[in-house]
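1. Quick one: sequence and predicted model below, then my questions.
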Amino acid sequence: MKILLVSVGTRGDMEPMLAVGEIMREKGQQVICAFPEQFAGLAEDSNMEFASLGEKFIELLESDDGQKAMGGGGSGLEKFTATLRLARNQTGANKQLVHKQYEIAEREAPDRIVYNGKATYPVIWELDNAGKATLISPVPYMHYVRDHAHVAFNRNLGPFINKQTYNLANFGLVTTTKMSANWLDLDHKISRKEISHALQASKVIYTISPSLFPRPDYWPDNLQVLGYHQRKQTTNWQPDQALIDFVAKHRDGRLLFITFGSMTNPNPAEKTRVIVNILQRNNIPAIINTAAGGLVKPDAYNDELLYFVSQIPYDWIFPQVYGVIHHGGSGTTHMALRNGCATLIVPHIIDQYVWDSIIADLGAGPRGIKVGKINAQNLEPKVLDLVNNLAFKEKAGQIADQMAQEDFREALYRSIVET
């Protein structure tokens, strides 16, 4: 079979698709990754074919308005107005994305499409290819759960209001998909009713550990929770000797790893200063990943205690640290717990607040503070709790043991290829 992976978003949105792609390829299927141009290297590193969705979407996310909307910072009004400007400017980028998805699907004529929630064309494609498209969701609460509102609301509002939040989200998704169909100017006019039916009937795989998000027993069969999957990331990377020596020196000293992943914010130097001062004041060793620029390497710091990297495979570093402070992406959250790391989340955007709540409710770490609100006074007690409360580490270890028993690779493969 020819499997087309369609993913729109940041790097964290690409990783779950690449993990699925590796499973499909190991079964002998041809895999093509339709990603934004900036992620061509990820597909190539995984030895998969690549088809570009263009550059505009990511360029907008990396703009000043994109950083404010995605990463917080400034007043609530500034973030709100930045979000409005970003939405207005994204119309052209979204049109390009839809047309690129359509063109690639027409050219490649795939047997199956696997897509994430930010890609709308596969919903339209499935109207003529029933049962051949699968939505991959690495975040929970995208479909009705009685005791929790939709992921965008991050709380339990009671059974009735909870249900309305899912209805509201579905209305927005139908509207967005209808708009995409209109942009394509297809011969057959697609109705909202057709789109709604396709969304309800489509196969959906939550690539989440049931240890973190158990599948509700009242869900229909087309909604499955089939575990967390990760691709091998260290293939083309080797640590330098200085990093190896630093890890060896501090491995027994409750070493932390700190990263904001692909998240950015308007004032990374200030965020870094707050974190560095807390670590140095309390003699806590840490490796700090500057990644996409959400954190930056300062001119002066204690290099006996702190080590800065610009990129590092999580599957190499996580097994070697005591705990992790991170942005709360689904993949980072799963990998931290899979390796038994006590966890503190500094959420930036929507689903990261949900993961923060899940971590705190499970007892694998203290409740976090959103990135726009962190300062020395409120973050320092959280960091000290993370490293000193052994119950967090113990709980993370228990979750790691549970996750080690999970194996959904075959179930995921069959769900995608069988109609």
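-> Everything's here; your move.
2. Relative to Ile287, how far out is Leu279?
-> Here the criterion is Cβ to Cβ, to the nearest Å. By it, Leu279 lies 11 Å from Ile287. Any C-beta I mention is one placed from the backbone N, CA and C, and that applies to glycine too.
3. quick one: common contacting residues for the two?
-> The overlap between the contact sets of Leu279 and Ile287 (Cβ atoms under 8 Å, 6 or more residues apart in numbering) consists of 256, 306.
4. For Leu135, give its distance to Ala291.
-> Using Cβ to Cβ, one obtains 27 Å as the distance from Leu135 to Ala291.
5. Compare those two and say which one has the larger neighbour count.
-> A side-by-side neighbour count of Leu135 and Ala291, using other Cβ atoms under 10 Å, places Leu135 first with 23 against 19.
6. Next, count neighbours for the nearest residue to Asp385 once chain neighbours are set aside.
-> By the measure of Cβ to Cβ, 6 or more residues apart in numbering, the closest residue to Asp385 outside its immediate chain neighbours is Pro366, 4.6 Å from it. Residues contacting Pro366 under the criterion other Cβ under 10 Å number 21.
7. Pro366 against Ala360, yeah?
-> Yes. When contacts are counted by Cβ atoms under 8 Å, Pro366 is listed as touching Ala360 (6.7 Å).
8. what about the closest residue in space to Leu305 that isn't next to it in sequence, distance to Gly323?
-> Using Cβ to Cβ, 6+ apart and skipping the chain neighbours, the partner closest in space to Leu305 is Pro285 (5.3 Å). Pro285 sits 11 Å away from Gly323 when distances are taken as Cβ to Cβ.
9. Between these two, tell me which one has more neighbours.
-> It is Gly323, of Pro285 and Gly323, that has more neighbours when counted by other Cβ under 10 Å, with 26 against 22.
10. how about the more buried one, what does it touch?
-> When contacts are taken as Cβ under 8 Å, 6+ apart, Gly323 is in contact with 254, 256-257, 341-344, 365, 386-387, 392-393.
11. Now for Glu55, how many residues are close by?
-> Residues near Glu55, counting by other Cβ under 10 Å: 13.
12. May I have the phi/psi pair for the nearest residue to it once chain neighbours are set aside?
-> In space, Glu55 comes closest to Glu37 once its chain neighbours are excluded; the distance is 4.5 Å by Cβ to Cβ, 6+ apart. Per-residue torsions, Glu37: phi -50, psi -40 (degrees, to the nearest 10).
13. one step back: which pair of the contacts of Gly323 spans the longest distance?
-> Maximum pairwise distance among these (Cβ to Cβ): 14.8 Å, between Phe257 and Phe392.
14. Just list what the host helix or strand of His334 packs against, helices and strands only.
-> Mapping His334 onto the secondary structure by DSSP states H and E places it in helix 330-338. On a contact count with 3 or more Cβ pairs under 8 Å, 6 or more residues apart in numbering; DSSP states H and E, helix 330-338 meets helix 11-26, helix 314-317, strand 323-326, strand 342-345, helix 350-362, helix 390-404.
15. Include mean pLDDT when you put those into JSON lines, please.
-> Shown next, in JSON lines, are the helices and strands packed on helix 330-338 (pLDDT from 0 to 100):
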{"stretch": "helix 11-26", "mean pLDDT": "94"}
{"stretch": "helix 314-317", "mean pLDDT": "93"}
{"stretch": "strand 323-326", "mean pLDDT": "98"}
{"stretch": "strand 342-345", "mean pLDDT": "98"}
{"stretch": "helix 350-362", "mean pLDDT": "96"}
{"stretch": "helix 390-404", "mean pLDDT": "98"}
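16. So for Val274, which of those sits nearest?
-> Checking the helices and strands packed on helix 330-338 against Val274 by Cβ to Cβ gives strand 323-326 as the closest, at 11.7 Å.
17. Let's see the pLDDT reported for the residue lying closest to Tyr144 once chain neighbours are set aside.
-> Beyond its immediate neighbours in the sequence, the residue positioned closest to Tyr144 (Cβ to Cβ, 6+ apart) is Tyr166, lying 4.6 Å away. According to the per-residue confidence, Tyr166 scores 96 in pLDDT.
18. Which secondary structure element is home to Tyr166?
-> The secondary structure element spanning Tyr166 is helix 159-184 (assigned by DSSP H and E).
19. Look up how far Val274 lies from Leu5.
-> Taking Cβ to Cβ as the criterion, Leu5 is separated from Val274 by 38 Å.
20. With neighbour numbers in mind, choose between these two.
-> More crowded of Leu5 and Val274, by other Cβ under 10 Å: Leu5, with 28 against 16.
21. list the buried ones in stretch 212-224?
-> Neighbour counts over stretch 212-224 (16 or more other Cβ atoms under 10 Å) mark 212-213, 222-224 as buried.
22. which residues does the nearest residue to Arg367 once chain neighbours are set aside contact?
-> Nearest residue to Arg367, sequence neighbours excluded (Cβ to Cβ, 6+ apart): Ala360, at 4.0 Å. Contact analysis of Ala360 by Cβ under 8 Å, 6+ apart lists 366-368.
23. rerun that using 10 Å as the cut-off
-> With Cβ atoms under 10 Å, 6 or more residues apart in numbering as the criterion, the residues that contact Ala360 are 343-345, 366-368, 392.
24. Grab the nearest non-local neighbour of Lys27.
-> For Lys27, ignoring the flanking residues on the chain, the nearest one in space by Cβ to Cβ, 6+ apart is Tyr413 at 5.7 Å.
25. With Asn289 instead?
-> Nearest in space to Asn289, with sequence neighbours left out and distances taken as Cβ to Cβ, 6+ apart, is Thr259 at 3.8 Å.
26. thinking again about what came up before, how far out from the middle of the chain is the helix holding Tyr166?
-> Relative to the centre of its chain, helix 159-184 is centred 21 Å away, using Cα atoms, centre = their mean, to the nearest Å.
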